[in-house]
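Engineer: Below is the sequence, then the predicted model.
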Amino acid sequence: MKEVVLTRIDDRLIHGQVITAWVRVTKANRILIVDNDVAADPFLTKVLKMASPPGMEVKILDVYNAIEYLKEDNDVKEKIVLLVKTPDTVYKLQEGGVSLKEVNLGGMGARVGRKKLYKNISISDEEREILKKIIESGTKVYIKIVPDDKEIIVEDLL
């Protein structure tokens with residue numbers, strides 16, 4: 001299985017200095033974005049690759065292909081920052097057999113159907129239930145916008 005050094009839910013995906021800080025702290029050498037819509041959009045794929053930290057390889061896959069990719073042996077010693085937009089994607093990866101010990105809940109903006117969970121993070125009732133399932137599977141879910149922030153355990157907020 002590939003080595004995932006950070007799994008982050010952030011609807012902005014690659015977000016300037018935030019992702020640069022996480023890449024530096026985790027010593028990652030690859031960013032993997034898992035999103036069906038983004039993977040199917042060549043323009044958005046190009047934009048995200050251009051927005052990544054200099055020298056960082058970015059791979060963008062749909063959920064199915066990401067499951068297959070993450071389950072491969074790590075022959076090239078990749079250290080992957082895994083970025084997704086929603087908890088549902090994390091849950092689908094887990095259902096597909098991808099083991100994730102921890103999930104960092106980053107930016108999930110306010111929109112119709114979402115309620116504030118913590119500061120700038122809002123979730124829908126469905127996302128709340130999915131986060132509970134992820135936690136029940138034994139995965140630690142926490143909020144830490146940037147590496148220097150204090151860690152907030154999501155289970156305590158649900």
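Structural biologist: Perfect, I can see it now. What you see is a predicted model, and the numbers here were worked out from it, not measured in a lab.
Engineer: from here on, contacts and neighbour counts on C-alpha atoms
Structural biologist: Fine.
Engineer: what comes up buried for the host helix or strand of K46?
Structural biologist: Assigned by DSSP states H and E, K46 belongs to helix 42-51. Buried residues in helix 42-51, counted by 16 or more other Cα atoms under 10 Å: 45, 48-49.
Engineer: Can I get the helix or strand just after that helix as PDB, trimmed to CA atoms?
Structural biologist: The first helix or strand that comes after helix 42-51 along the chain, using DSSP H and E, is strand 57-61. C-alpha atoms of strand 57-61 as PDB (Å, rounded to 0.1, in the frame of the first residue of the first chain):
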ATOM      1  CA  GLU A  57       4.100  16.000  -8.500                       C
ATOM      2  CA  VAL A  58       0.300  16.200  -8.500                       C
ATOM      3  CA  LYS A  59      -1.900  13.200  -9.500                       C
ATOM      4  CA  ILE A  60      -5.600  13.600  -9.900                       C
ATOM      5  CA  LEU A  61      -7.800  10.500  -9.900                       C
END
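Engineer: Tell me which stretches of the chain form helices.
Structural biologist: Ranges of helices in the chain, per DSSP state H, are 16-26, 36-39, 42-51, 63-71, 87-95, 125-136.
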